[in-house]
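> Model the structure of this input:
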Amino acid sequence: MLARLWRQWQRRREDAAVQRRAIPDDLWKRTLVRYPFLQRRDPQDAAELRRLSSLFLDRKEFHAAGGLKLTDAVVVSIAAQAVLPVLRLGLSAYDGFVGIVVHPDQVLARREVADEDGIVHAYDEPLAGEAMDGGPVMLSWRDVRAAGVVPGPGGEAGGAYNVVIHEFAHVLDMADGVADGVPLLPPDLPRAEWLNALQSEFEAFVQRVEADDPTTLDPYGANGEEEFFAVASEAFFVNAEPMKKEHPVLYGMLSRFYRQDPAVQVPPARRAR
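Predicted structure coming up:
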């Protein structure tokens, strides 16, 4: 009885938030056109994506930097892409942070690294996005917009680039406090099975990148298993069919984790002739 009353109260609260942050029809349609990988064949999934986007806007705090103007189009574009990975997992997966900082372009972050002799070297690293444990999440609006590019024939890696999904995959990865390519897994997906697939796929991928072999996944994923999970998540949602063909085992594991199968759930994107 109490559980049922709690669910009813929670649903009423969420319905009020959706009404409070309702996304206008024309803006939502423009968002789906700009980012065709957001479209879903199943009407229930399509409606849930829009509902979660409104809830995301209600729960998160957006901040602009570098003179960027936070328009409705900007925040809705980010929200819709951010909730795509948790469409079946639930928005509670993002409860560990609140803030999102959006820059007009990539930013330079000062880094330091010590060499074998203990000498510290400083350098500037350009960042399109960055997720920190507990937040905030930083995003470059120029790179967010670039995610609308539809992959060409053969599924070039460039078409799979998606900074929002990449950084929010890191958020899921860090849910246990460690960025290691292992998010909090459901009971029906044993950690040992996940690690076996992740490590074997990662090692084979690194060899391909070092040999300059073409790959559907962004070569940036060779920098570590945590980055491999993030770039694999990008391709899973944005370039599903080529990724499934090239990495069937990895695709299957991600499908079990995200509880989605974009290769069959996303309508074919129209390409300009």
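
> For stretch 122-139, list the C-alpha coordinates in CSV.
Extracted C-alpha coordinates of stretch 122-139, given in CSV (Å, rounded to 0.1, in the frame of the first residue of the first chain):
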residue,chain,number,x,y,z
ALA,A,122,52.9,21.1,-18.0
TYR,A,123,50.8,21.4,-21.2
ASP,A,124,47.4,22.6,-22.4
GLU,A,125,44.8,20.1,-23.5
PRO,A,126,41.9,21.2,-25.7
LEU,A,127,38.6,19.7,-24.3
ALA,A,128,35.3,19.3,-26.1
GLY,A,129,33.8,18.0,-22.9
GLU,A,130,34.7,16.8,-19.4
ALA,A,131,32.7,15.0,-16.7
MET,A,132,33.9,15.2,-13.2
ASP,A,133,32.8,12.9,-10.3
GLY,A,134,30.0,14.8,-8.6
GLY,A,135,29.8,17.3,-11.5
PRO,A,136,29.7,19.6,-13.2
VAL,A,137,29.7,18.3,-16.8
MET,A,138,31.4,20.7,-19.2
LEU,A,139,30.4,20.7,-22.9
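
> residues in contact with that stretch?
63, 78, 96-103, 106-113, 140, 143, 163-164, 166-168, 170-171, 174, 177, 179 (Cβ atoms under 8 Å, 6 or more residues apart in numbering). Quick note: C-beta positions are derived from backbone N, CA and C, even for glycine.

> Got a quick ChimeraX command for the buried subset of those?
Here the buried members of these are turned into a ChimeraX selection, burial being counted by 16 or more other Cβ atoms under 10 Å:
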select :78,97,100,101,102,103,107,140,143,163,164,166,167,168,170,171,174,179
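
> out of the contacts of stretch 122-139, which are inside strands?
Counting by DSSP state E, the contacts of stretch 122-139 place 63, 99-103, 107-113, 140 in strands.
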